[in-house]
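Student: structure of the sequence below:
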Amino acid sequence: MKNITDSIVSNPIIKNREALLSHGLIKGRKSCLDIIEYALNAVDPYHATHKAVQLRYETLIVDGREYDLKTIDHIYVIGAGKATFRQAQAIDEILGDRIDEGVVVVKHGQAKLLNHIKILESAHPVPDHNSFTASQEVIKLAKKAGEKDLVICLMSGGVSSNCCAPVDEISDADKIEMNRLLVQCGAQVTEIMSVRGHLSKIKGGRLGLMIQPATCITLTVSDAIGDPLEWNADWTHPDSSTFQDAVDILHRYGLWDQIPVRVRDYFSRFTNEKETPKSLGNGKFQYCMTVKTSDLWKAAKKQSKKLGFTPYLLTSELKGESREAGRVLSSIAMEAGKSRQLFKIPCALIATGETSVRILGEPKGKGGANQELGCGACLDLTLEDNIVVGAIDTDGTDGPTDYAGALTDGFSVATARKMGIDFHKELMDHNTSELLKNISDIIYTGHTGSNVNDLVVILVL
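Tutor: This next block holds a predicted model:
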């Protein structure tokens, strides 16, 4: 398949550029935004799906594998996640009237009308009523498929909240509370998914069993470190995590005594039926990852070099507490600027992955992992440090907010101080959205239609 960065259409994505470039290290800020925007365009699922899927007369070609549509009775499209509207848009164009029925679930505010696929909306990162009703439509369509039918399954990050089908032993309210607890406990995404998968009727490969004996093509947009298929295609891919793993994770993060009683009872008594499938037998499955996390950092490196910055990938496996990760990354950039021994200056230090925010008690404000990372990264910067930090969630909605992330530098803390704002206190109170809005350092994109890893770009000028 053609490299996704070979031909990138550059579309404006960041909507508040003027405010972000009105202060601080303006030249560096502009370059940082240009790099981020180029990378976001590189991971557009619409173009990636068109590259991976082609229709030639009556032959459907998916990542080189051919399907004779004359032998297919019905084509069904199902899916969920924050990047699946753009996938669905492409599939709708490619297959058109050949699609018999389709339903795809996206985040509130993403839906637009398609000709052959129904688009439903639900909440993220915590499910709502729509998340549960949507899952019933997905299950109904999956079970409808027969041996000579083709099911195209579209998946991306956000699926766990957008489409929920809890096991019978727990309630919808229990599942909502579990999502809330898990996203605030500081656990890694794969750990959270291990727990959620063992409380679901469709995750961990269970939907794949419902789809059999039909043929199933799963098209995914990766948002998991290392691009593992089992996390990115967990409706239709066997699960390697175990029931006991889920129990251990709940204990590891101090959640066992906080989780709903029905959930604790469920995890207290193991039966073989509660375990996720470790194999889907002789099922007819193809998996195609149309966008990989590496596409994100490769595009960032390419644009950095074009703008005159020597690019360095620090890590594609960024993890840990967001604000502390930001502080560590910033300290590397400061050393690079002072000693000039680590990297060739000017340079772009790039990291991708997914950090987390651990919230103890009720949060006093609103924010997201990338906003906290950007704030943590500028805590130790001074007006003399020629360093700019950009951190974004590639779907455009960082945490439970309408903002993508943060753009900070050595002027950020000083600006807050002049306004009478205690920068450190606001960060510790997880009130980063309000803080960054006040100092005009918040990045606003709206829904990007994509959802890959988080991206951090630090420019040492």
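
Student: rest of the way, CA atoms for contacts and neighbours
Tutor: Noted.

Student: how many neighbouring residues does residue 56 have?
Tutor: 10 (other Cα atoms under 10 Å).

Student: how near is it to residue 290?
Tutor: Residue 56 sits 19 Å away from residue 290, going by Cα to Cα, to the nearest Å.

Student: what do you get for residue 383?
Tutor: 42 Å.

Student: same thing with residue 163?
Tutor: Applying Cα to Cα, the value for residue 163 to residue 290 is 21 Å.

Student: one more: residue 431?
Tutor: Computed as Cα to Cα, the residue 431 to residue 290 distance reads 35 Å.

Student: ok, those two, which is more surrounded?
Tutor: Neighbours per residue, other Cα under 10 Å: of residue 431 and residue 290, the larger number sits with residue 290, 26 against 20.

Student: can you name every helix or strand that the host helix or strand of the more buried one contacts?
Tutor: Taking DSSP states H and E as the definition, residue 290 sits inside strand 284-291. With contacts taken as 3 or more Cα pairs under 8 Å, 6 or more residues apart in numbering; DSSP states H and E, strand 284-291 sits against helix 45-52, strand 215-221.

Student: can I get those in JSON lines including mean neighbour count?
Tutor: Compiled in JSON lines, the helices and strands packed on strand 284-291 are given as follows (neighbours: other Cα atoms under 10 Å):
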{"stretch": "helix 45-52", "mean neighbour count": "22"}
{"stretch": "strand 215-221", "mean neighbour count": "25"}
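
Student: got these as CSV, with mean pLDDT and distance to residue 205 columns?
Tutor: Output for the helices and strands packed on strand 284-291, formatted as CSV (pLDDT from 0 to 100; distance: least, Cα to Cα, whole Å):
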stretch, mean pLDDT, distance to residue 205
helix 45-52, 97, 23
strand 215-221, 98, 12
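
Student: just put those in CSV and tack on distance to residue 449.
Tutor: Compiled in CSV, the helices and strands packed on strand 284-291 are given as follows (distance: least, Cα to Cα, whole Å):
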stretch, distance to residue 449
helix 45-52, 7
strand 215-221, 11
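
Student: between those, which one is closest to residue 443.
Tutor: Nearest to residue 443 among the helices and strands packed on strand 284-291 is helix 45-52 (21.3 Å), distances taken as Cα to Cα.

Student: low-confidence stretches in the chain?
Tutor: Scanning the chain with the threshold set as pLDDT under 70 gives 1-10.

Student: domain ranges for it?
Tutor: Following the assignment in automatic domain parsing, the chain carries domains at 17-42+294-460, 45-165+200-241+276-291.

Student: and the last one, how far out from the chain middle?
Tutor: It stands for domain 45-165+200-241+276-291. Centroid separation between domain 45-165+200-241+276-291 and its chain, computed with Cα atoms, centre = their mean, to the nearest Å, is 16 Å.

Student: heads up, I number from 51, so please use that
Tutor: Happy to do that; since the first residue is 51 now, the last one works out to domain 95-215+250-291+326-341.

Student: now the end-to-end length of that domain.
Tutor: 7 Å.

Student: the stretch 51-200 of the chain: strands as residue ranges?
Tutor: 103-106, 109-112, 115-118, 125-130, 151-157, 168-172, 200-206 (DSSP state E, counting those that start in this stretch).

Student: quick check: angle from the last one to strand 151-157?
Tutor: Just to be clear, that refers to strand 200-206. 0 degrees (axes from the mean of the first three to the mean of the last three Cα atoms, to 10 degrees).

Student: can you lay out the strands of the stretch 51-200 of the chain as TSV showing distance to residue 286?
Tutor: Listed next are these as TSV, based on distance: least, Cα to Cα, whole Å:
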stretch	distance to residue 286
strand 103-106	19
strand 109-112	17
strand 115-118	18
strand 125-130	11
strand 151-157	15
strand 168-172	20
strand 200-206	8
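
Student: nearest to residue 367, of those?
Tutor: strand 200-206 (18.3 Å).

Student: show me what the closest one is packed up against.
Tutor: Right, strand 200-206 is packed against strand 125-130, helix 134-145, strand 265-271 by 3+ Cα pairs under 8 Å, 6+ apart.

Student: wouldn't residue 353 be in contact with residue 85 here?
Tutor: Yes: Residue 353 is within contact range of residue 85, at 5.6 Å (criterion: Cα atoms under 8 Å).

Student: rewinding a little: for the next helix or strand after the strand holding residue 340, the distance to its chain's centre please.
Tutor: Using DSSP H and E, the helix or strand that follows strand 334-341 in sequence is helix 343-356. Distance of helix 343-356 from the chain centroid (Cα atoms, centre = their mean) equals 18 Å.

Student: show me what counts as buried in helix 343-356.
Tutor: 343-354 (16 or more other Cα atoms under 10 Å).

Student: pick out whichever of those sits closest to residue 375.
Tutor: Nearest to residue 375 among the buried residues of helix 343-356, with distances taken as Cα to Cα, is residue 347, at 17.6 Å.

Student: that closest one against residue 363, yeah?
Tutor: Yes: Residue 347 is within contact range of residue 363, at 7.4 Å (criterion: Cα under 8 Å).

Student: what is in contact with these two at once?
Tutor: Applying Cα atoms under 8 Å, 6 or more residues apart in numbering, one finds that residue 347 and residue 363 are jointly contacted by 400-401.

Student: assign residue 399 to helix, strand or coil.
Tutor: When classified by DSSP: H, G, I helix; E, B strand; the rest coil, residue 399 comes out as strand.

Student: tally of neighbours for it?
Tutor: Neighbours of residue 399 (other Cα under 10 Å): 27.

Student: likewise for residue 395?
Tutor: 17.

Student: return the residues in contact with it.
Tutor: Residue 395 neighbours (Cα under 8 Å, 6+ apart): 359-360, 386-387, 510-511.

Student: one more time with 10 Å
Tutor: Contact analysis of residue 395 by Cα atoms under 10 Å, 6 or more residues apart in numbering lists 358-361, 386-387, 509-511.

Student: so which of those residues belong to helices?
Tutor: When the contacts of residue 395 are checked against helices (DSSP state H), the matches are 386-387.

Student: so which of the contacts of residue 395 comes closest to residue 252?
Tutor: Using Cα to Cα, those come closest to residue 252 at residue 361, 41.4 Å.
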